[in-house]
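*Asks:* please work out how this folds:
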Amino acid sequence: MKLEQIIEKKLGKFPVGAWVPYYKEQFSPAWLEKIRACGINYIPTKTPSPAELDAVASAGLKSLVNDDRVTYASVKDMTKIKDWLAEYRDREDVFGLFVWDEPSPLMMKICGAINGEVQRVAPNLFGYINLHPTYSDRETQRDGLTYEEYLEHFVRCASPKVISFDHYPFLENKITEDYFYNLQAIRDCCNRHGLEFWSFIQTCRFLENVTPTPEQVFWQAFNNLAFGAKGLLYFTYATVTHDPATGFGPAMADTDGTLTPRYYAAQRVNRYLEEVGNTLLSLRHCGVKFYGYRCKDTAGAFAGLKDVAGGAALVGCFERENERYLLPVNLSEKESADLRLSFEDGRALSLSLGAGEGRLIKV
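*Replies:* A predicted model of the protein is given here:
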């Protein structure tokens, strides 16, 4: 079963997930209800236990099952996967299975073997694998491969149904220089192999990354959507407490459950996706165009768009049969912008966008 069929059957809407949704002591109906109220529709579980899956389902959420017997499984365990999956594979509330996070090329064969077995035994699910960003270390994390080689090696070895990756762009007083390069590399790989991609949104501080503002949450989400992302995941929902050396700060929910500004920013993005998400899922991505920002266009001439004035902007280009759509994004994560889109036939369209915000329009 193709991923789009699984999404239609199990979710019926644009996939929105959140990593580290809860710790054991936080797990409760009230905590899960706040996750759902944010507009998140699926979460990774801690275990495959029926009680945990039932509670997640009761909150209106789907489960991306984390089963330690399957995740990072060894070759000798491969024959047992069928029996383990039998415990939950037929549940309508189970969306997929977590297989691996950031595999190196040397680990992708076993990663792919697990994924292949999961999809053979449970074709109504998908194996979820997440990849490194461009700023990962070429030697220690990508075994000497360029980023493009790393992506190609993954597709060849793992037979994924989706490409998922994380790139956390906000550092002290700057944005990672290769953010849009990473998005384009993922987009190019998807185009070559007929795949779509999901991406993570930074919601907290850790290591060299700073706490994003609400506007920076918008900026990440809408830039990914403009590049054609067909799923978003927030990193993280609960504030990470199990890894103090990494210096995690408050995420979407603080340790006592207090909701932070990043929660409400994500909720605003997710509510917009409730409106336009199914349309986005149905569209074919045709490239991007940049205005007032030095980055490579990939869309060429599209929908008669001639220029965008009023501020730096990224425009995602989409089509569906004879319909054309644009997704302009205000590339300032600090200031609002009144953008004016002009077209070859003399038409013009004005859009007022908050910092980092975007809007899908049919032209």
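*Asks:* list the buried residues of the helix ranked longest in the chain.
*Replies:* Looking across the chain with DSSP state H, the single longest helix is helix 261-282. If you call a residue buried by 16 or more other Cβ atoms under 10 Å, then helix 261-282 has these buried ones: 261-263, 265-270, 272-273, 276-277, 279-281. For glycine as for every other residue, the C-beta is placed from the backbone atoms N, C-alpha and C.
*Asks:* nearest to residue 122 among these?
*Replies:* Nearest to residue 122, judged by Cβ to Cβ, of those is residue 281 at 22.3 Å.
*Asks:* next, give phi and psi for the residue lying closest to residue 224 once chain neighbours are set aside.
*Replies:* Closest residue to residue 224 apart from its sequence neighbours, by Cβ to Cβ, 6 or more residues apart in numbering: residue 199 at 4.7 Å. The phi and psi values for residue 199, taken as degrees, to the nearest 10, are phi -140, psi 160.
*Asks:* beta partners of residue 199?
*Replies:* residue 165, residue 232 (DSSP bridges).
*Asks:* give the contact list for it.
*Replies:* Residue 199 sits next to 164-167, 183, 186, 224, 229, 231-233 when contact means Cβ atoms under 8 Å, 6 or more residues apart in numbering.
*Asks:* likewise residue 42?
*Replies:* 11, 15-17, 61-64, 95.
*Asks:* what do you get if the cut-off is 6 Å, keeping everything else the same?
*Replies:* Shown in contact with residue 42 (Cβ atoms under 6 Å, 6 or more residues apart in numbering): 17, 62, 64, 95.
*Asks:* please report phi then psi for it.
*Replies:* When read as degrees, to the nearest 10, the backbone of residue 42 gives phi -150, psi 150.
*Asks:* bridge partners for it, pull those for me.
*Replies:* residue 17, residue 62.
*Asks:* pLDDT wise, what is the closest residue to residue 119 other than its chain neighbours at?
*Replies:* Nearest non-adjacent residue to residue 119, counting by Cβ to Cβ, 6+ apart: residue 127, 6.0 Å away. Residue 127 carries a pLDDT value of 95.
*Asks:* likewise for the one 10 residues further on?
*Replies:* Per-residue confidence for residue 137 comes out at a pLDDT of 98.
*Asks:* and residue 102, what does it touch?
*Replies:* Counted by Cβ under 6 Å, 6+ apart, residue 102 has contacts residue 132.
*Asks:* any regions of this protein where pLDDT drops low?
*Replies:* Residue ranges of the chain with pLDDT under 70: none are present.
*Asks:* can you map out the helices along it?
*Replies:* 3-6, 29-37, 50-58, 81-85, 108-121, 147-158, 179-193, 214-226, 261-282.
*Asks:* buried deepest among those helices, which one?
*Replies:* Counting by mean count of other Cβ atoms under 10 Å, helix 214-226 has the highest mean neighbour count of these, with a mean of 25.
*Asks:* for that helix, which helices and strands make contact with it?
*Replies:* On a contact count with 3 or more Cβ pairs under 6 Å, 6 or more residues apart in numbering; DSSP states H and E, helix 214-226 meets strand 197-202, helix 261-282, strand 323-330.
*Asks:* can I get the ones you listed in JSON lines including distance to residue 313?
*Replies:* Converted to JSON lines, these look like this (distance: least, Cβ to Cβ, whole Å):
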{"stretch": "strand 197-202", "distance to residue 313": "20"}
{"stretch": "helix 261-282", "distance to residue 313": "18"}
{"stretch": "strand 323-330", "distance to residue 313": "5"}
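*Asks:* which one of those lies closest to residue 50?
*Replies:* strand 197-202 (27.1 Å).
*Asks:* run a quick neighbour tally on residue 45.
*Replies:* Using other Cβ atoms under 10 Å, residue 45 is surrounded by 23 other residues.
*Asks:* nearest to residue 240, out of the helices and strands packed on helix 214-226?
*Replies:* That would be strand 197-202 among the helices and strands packed on helix 214-226, by Cβ to Cβ, at 12.6 Å.
*Asks:* please name the residues that touch residue 349.
*Replies:* residue 341.
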